[in-house]
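*Asks:* Attaching a predicted model along with its sequence, questions to come.
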Amino acid sequence: MNGMERDRFRLLMMKALDGELAGSEHSEFDNFLRDEECRQEWNAFRKVKEATMDLKLASPPQEVWDGYWRGVYNRMERGIAWILVTLGAVVLLAWGSIEAVSAIWADSEVPLIVRIAIFTLAAGIFLLFFSVIRERWFTSRHDKYKEVTR
Amino acid sequence: MKATERNDDELILRIQSGEKHAYGELVRAYMQPAYYSALALVGSHDDALDLSQQAFIRAYGAIRRFERGCSFFTWYYRILRNLCLNRLRDRATQALPFSNCVDMQETASTADDPSVSTERSMLREQVRSALDRLRPEEREIVVLRDFEGYSYAEIAELLECPQGTVMSRLYYARKHLKDLLEDVL
């Protein structure tokens, strides 16, 4: 039996095991079974199939199903809560930072070098924030694999 | 797919127009196949529950992009599968023993003859432990076909591959199982 015939036999064997053989494939498969090696392989696979068919996945307790949707709903609700908390914290932090920087900038007693350092720090944070937002926005519009967690 | 799809389009339309509780109906319709599919991959009740719920949350977040007329479960399954494979990749120990999640069921034929019954019971026990030693992707396809009863066409849709590939993957998964059971078959 050549490689192509062997591949064909394997596909037909899977179909036969799973009851998916169509019309003429029955006789084609029967022809393969005239070969001793094929017949042995078929018998071994049939036993494996019979044994797996005697197994089933363990069912979790009924409470799992009863509380399933509630679990999903609660997690969605908490997700929204976290977004709101994060948004509020970002706004407050930004406002506090602007106020602090303005106060230091306006204070003539603060040395110039400190004022410049604060300005560069604020500019760096703004640039980082802008860069992340821009990347997220670009990804959401152009990445077709965005649903895939990397 | 396993759960009824005929009402999905109507439900999804309601969800897309902001009716959150319509999503509850959809979740209830698919929670069992979702849980069992995750279980096949990650082999743990807690992870299967967590990941199947997490996938429903992600699906809800992206529901506006869902194209009506497509199968919701197929779309959902891709999200779920990615989450499961990522969890396995992140978890150093790989899948937990799958055999803990498998029950043996007595069939009428085994109950008739005690010797046959004992033999089959031993074989089932061996198969159960052999399932632990399959790779998650191999176990996934065996579970989809032999435990969940999906057709080749449905599996091909879920795994986004041709039916020939489904049969080929099934062959190699079952061959691995057969090799592991060589002493008892």
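*Replies:* Looks like it arrived, so ask away. Numbers count the residues shown, from 1 in each chain, chains lettered A, B, ... in the order given.

*Asks:* Can you mark which positions in the helix of greatest length in chain A are buried?
*Replies:* Longest helix of chain A, by residue count under DSSP state H: helix A:68-106. By neighbour count on 16 or more other CB atoms under 10 Å in any protein chain shown, the buried set for helix A:68-106 is A:68-69, A:71-73, A:76. No exception for glycine: its C-beta is placed from N, CA and C like everyone else's.

*Asks:* Turn those residues into JSON lines, columns for pLDDT.
*Replies:* Listed next are the buried residues of helix A:68-106 as JSON lines, based on pLDDT from 0 to 100:
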{"residue": "A:Y68", "pLDDT": "95"}
{"residue": "A:W69", "pLDDT": "94"}
{"residue": "A:G71", "pLDDT": "94"}
{"residue": "A:V72", "pLDDT": "94"}
{"residue": "A:Y73", "pLDDT": "93"}
{"residue": "A:M76", "pLDDT": "91"}
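
*Asks:* picking up where we left off before, show me what the longest helix of chain A is packed up against.
*Replies:* helix A:112-142, helix B:20-42, helix B:45-61 (3 or more CB pairs under 8 Å, 6 or more residues apart in numbering or on different chains; DSSP states H and E).

*Asks:* Can you find the helix or strand in chain A with the smallest mean pLDDT?
*Replies:* Here the helix or strand of chain A ranked lowest by mean pLDDT, DSSP states H and E is strand A:55-57, holding a mean of 83.

*Asks:* swap that for chain B, please
*Replies:* Sorting the helices and strands of chain B by mean pLDDT, DSSP H and E puts helix B:108-112 at the bottom, at a mean of 53.

*Asks:* Output the contacting helices and strands for whatever helix or strand comes next after that helix.
*Replies:* The helix or strand immediately downstream of helix B:108-112 is helix B:114-132, counting by DSSP states H and E. In terms of contacts (3+ CB pairs under 8 Å, 6+ apart), helix B:114-132 is packed against helix A:36-53, strand A:55-57, strand B:102-104, helix B:108-112, helix B:163-180.

*Asks:* and the last one, anywhere near chain A?
*Replies:* Yes. Counting by CB under 8 Å from any CB of the partner chain, chain A is contacted by helix B:163-180 at B:164, B:167-168, B:170-171, B:174-175, B:177-178.

*Asks:* Can you tell me the centre-most residue of chain B?
*Replies:* The residue lying closest to the centre of chain B (CA atoms, centre = their mean) is B:S37, at 2.2 Å.

*Asks:* That one contacts B:E148, doesn't it?
*Replies:* Yes. Here B:S37 reaches B:E148: they are 7.3 Å apart, a contact under CB atoms under 8 Å.

*Asks:* Domain parsing of the chain, as residue ranges.
*Replies:* Assuming you mean chain A. With automatic domain parsing as the criterion, the domains of chain A are listed as A:3-53, A:62-142.

*Asks:* you looked at the wrong chain, it should be chain B
*Replies:* As given by automatic domain parsing, the domain ranges for chain B are B:8-90, B:111-180.

*Asks:* comparing the ones you listed, which gets the lowest mean pLDDT score?
*Replies:* Note on those: domain B:111-180 shows the lowest mean pLDDT, a mean of 86.

*Asks:* Point out the residues in chain A that sit beside chain B.
*Replies:* By CB under 8 Å from any CB, the residues of chain A that approach chain B are A:10-11, A:13-15, A:17-18, A:20, A:44-45, A:47-49, A:51-60, A:64-65, A:68-69, A:71-73, A:75-76, A:79, A:147-150.

*Asks:* Which members of these are classed as buried?
*Replies:* Among these, those buried by neighbour count (16+ other CB under 10 Å) are A:10-11, A:13-15, A:17-18, A:20, A:44-45, A:47-49, A:51-52, A:54-55, A:57, A:60, A:64, A:68-69, A:71-73, A:76, A:147.

*Asks:* Any buried residues in stretch B:170-185, and which?
*Replies:* The neighbour-count criterion (16+ other CB under 10 Å) identifies B:170-171, B:173-178, B:180-181, B:185 as the buried residues of stretch B:170-185.

*Asks:* got the contact list for that stretch?
*Replies:* A:10-11, A:13-14, A:17-18, A:44-45, A:47-49, A:51-52, B:122-123, B:126-127, B:130-131, B:133-135, B:138-139, B:141-142, B:145 (CB atoms under 8 Å, 6 or more residues apart in numbering or on different chains).
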